[in-house]
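Undergrad: Take a look and give me a structure for this.
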Amino acid sequence: MSQIPAVYEADADPGVYKAAFSRELEALEGWVDATRLAKGVNAVGVLQPFYLAYQEENNRDLLKRYGNLCARLMGEWFERQDFATSAAKREPDGVIRIGIVSQHFRSHSVWLALVKGWFEQLDRRRFSLHAFYLGADEDRETLFAKSRASHFEQGAERAAAMGRGHYRPDNRTS
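TA: Numbering: from 1, shown residues only. Here you go, the predicted structure:
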């Protein structure tokens, strides 16, 4: 992950860093074999390829490889947990529920560049947004999120209950 610098030298070739990242990712993919799969989950989220997104070229394939590795590690971890049976079913009216957990339902680059667009653009007849806000600050963006979400929870305790499988789509936690 640390192959992509925050700032390049003026004459640096970003392709060199991208190639180094790809080589290191390949090594990591190979390192995570069946004997290391259970421990690999400890690395997910520790370092992110954040600066890769700032390169002015299509890095989808690299990010997809990274995402697939994270999904593989987290999928194995999930299988070992004692979570309640998923209620991930469509509502009787066919609406798909989407849960979003964030600390940035407020004026912040994550909200403004990514998440707000979901609240603005998703067809509310087809999708039901359930927002779980880990932050405490509120501003007009928070109010906008509340107005567009089918359900809005604020506070880490409520989100933790959701993570333990205790979130109920009828707006109750247990």
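
Undergrad: Strands of this structure, residue ranges please.
TA: For the chain, the strands defined by DSSP state E occupy 96-102, 127-133, 151-154, 167-168, 172-173.

Undergrad: So the nearest residue to Val32 once chain neighbours are set aside versus Glu76, what's the distance?
TA: Take Val32 and drop its neighbours on the chain: the residue closest to it by C-beta to C-beta, 6 or more residues apart in numbering is Gly40, 4.6 Å away. Where you see a C-beta, it was placed from the backbone N, CA and C, and this is true even at glycine. In this view, Gly40 and Glu76 are 8 Å apart by C-beta to C-beta, to the nearest Å.

Undergrad: out of these two, which sits in the busier spot?
TA: Gly40 (19 against 15; other C-beta atoms under 10 Å).

Undergrad: Can I get stretch 30-45 in PDB, CA atoms only?
TA: Extracted in PDB, the C-alpha atoms of stretch 30-45 (Å, rounded to 0.1, in the frame of the first residue of the first chain):
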ATOM      1  CA  GLY A  30       0.300 -14.900  -3.000                       C
ATOM      2  CA  TRP A  31       1.200 -14.600   0.700                       C
ATOM      3  CA  VAL A  32      -2.400 -14.900   1.800                       C
ATOM      4  CA  ASP A  33      -2.700 -18.700   1.300                       C
ATOM      5  CA  ALA A  34      -4.900 -21.100   3.200                       C
ATOM      6  CA  THR A  35      -2.600 -21.100   6.300                       C
ATOM      7  CA  ARG A  36      -2.600 -17.300   6.600                       C
ATOM      8  CA  LEU A  37      -6.200 -16.600   5.500                       C
ATOM      9  CA  ALA A  38      -7.500 -16.300   9.100                       C
ATOM     10  CA  LYS A  39      -4.800 -13.900  10.200                       C
ATOM     11  CA  GLY A  40      -5.000 -11.800   7.000                       C
ATOM     12  CA  VAL A  41      -8.200 -10.100   8.200                       C
ATOM     13  CA  ASN A  42      -6.000  -8.100  10.700                       C
ATOM     14  CA  ALA A  43      -4.500  -6.300   7.800                       C
ATOM     15  CA  VAL A  44      -7.700  -5.200   6.100                       C
ATOM     16  CA  GLY A  45      -8.200  -1.400   6.400                       C
END
